[in-house]
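[1] sequence and predicted structure, then a few things I'm wondering about:
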Amino acid sequence: MMRTQVMTLAVAALMLFTGFPAHAQEGKGALVLESFNEVEMVVENEKGEKVVKRVDAAKARILPGDEILYSVRFRNTGTEPATDIVITNPVPEHMILKPVTIHGEGTEVTLSIDSGKNFGRQDELFVVEEDGTKRPPKPEEYTHVRWTFSKEIMPEEQGSVGFSAIVE
């Protein structure tokens, strides 16, 4: 079995409100990645009922305080398992991460507060103040989210990872 090398997807902050396809391939395991940025809106359905619907953030009117749902969907289009998968997503500029919303089944989630240079679990990260004291990071200080998969992604298997952030 050929092993897929560590794949890192850095979803560019420039893609704040647009989705894009990304392809990663090594050997016979091929992981296709696609980014989605959505907002939840209350709309009226054909029966006149109010329902919550996810809409492409690029097509919505976004205001400070609105919540954007960032997700990366993946699918193994290869003939062998994809292994050693790592997805890294920056928190876009002018956005405040909601750490409790981070999701990714079968992954270890780590965060960065230094523009992606170092990563750690949320309880391991500290900001060092000028006087040398340490404190936990504030939500607006997180710069990146990283998901490290603990298992192989089998051929045709698919899933997603993601988080929400608030517009400053």
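    Looks like it arrived, so ask away. Numbers count the residues shown, from 1 in each chain.
[2] quick check: next helix or strand after the longest strand seen in the chain?
    Counting residues, the longest strand found in the chain (DSSP state E) is strand 29-44. The helix or strand immediately downstream of strand 29-44 is strand 50-56, counting by DSSP states H and E.
[3] that following strand pairs with which strands?
    Paired strands of strand 50-56, with direction, are strand 29-44 (antiparallel) (DSSP bridges).
[4] Gly65 against Ile96, yeah?
    No - counting by CB atoms under 8 Å, Gly65 does not reach Ile96; the two are 9.9 Å apart. Quick note: C-beta positions are derived from backbone N, CA and C, even for glycine.
[5] could you tell me what pLDDT the model assigned to Ile96?
    We have a pLDDT of 98 for Ile96.
[6] specify the beta-bridge partners of it.
    With DSSP bridges as the rule, Ile96 is bridged to Ile166.
[7] burial measure for it, as a count.
    Neighbours of Ile96 under the rule other CB atoms under 10 Å: 17.
[8] tell me the contacts of it?
    If a contact means CB atoms under 8 Å, 6 or more residues apart in numbering, then Ile96 has Pro139, Glu140, Ala165, Ile166, Glu168 as its contacts.
[9] what's the overlap in contacts for Gly65 and Ile96?
    Joint contacts of Gly65 and Ile96 (CB under 8 Å, 6+ apart) are Ile166.
[10] can you give me the end-to-end distance of stretch 142-159?
    End-to-end distance of stretch 142-159: 24 Å, with CA to CA, to the nearest Å as the criterion.
[11] for stretch 140-160, same thing?
    Using CA to CA, the end-to-end distance of stretch 140-160 comes out at 24 Å.
[12] so what's the residue count around Lys50?
    Using other CB under 10 Å, Lys50 is surrounded by 8 other residues.
[13] hey, what's it bridged with?
    With DSSP bridges as the rule, Lys50 is bridged to Glu44.
[14] same check on Gly162?
    Counting by DSSP bridges, Gly162 forms beta bridges with Ser71, His103.
[15] verify the stated contact: it with Phe74.
    No - using CB under 8 Å, Gly162 makes no contact with Phe74, being 11.1 Å away.
[16] quick one, what contacts Met154?
    Contacts of Met154 by CB under 8 Å, 6+ apart are Asn76, Pro81.
[17] got phi/psi on it?
    Main-chain dihedrals, Met154, degrees, to the nearest 10: phi -70, psi 160.
[18] repeat that for Thr77.
    Per degrees, to the nearest 10, the backbone of Thr77 is at phi -100, psi 0.
[19] okay, Gly162 and Phe74: which has more neighbours?
    Ranked by neighbour count (other CB under 10 Å), Gly162 and Phe74 place Phe74 first, with 25 against 21.
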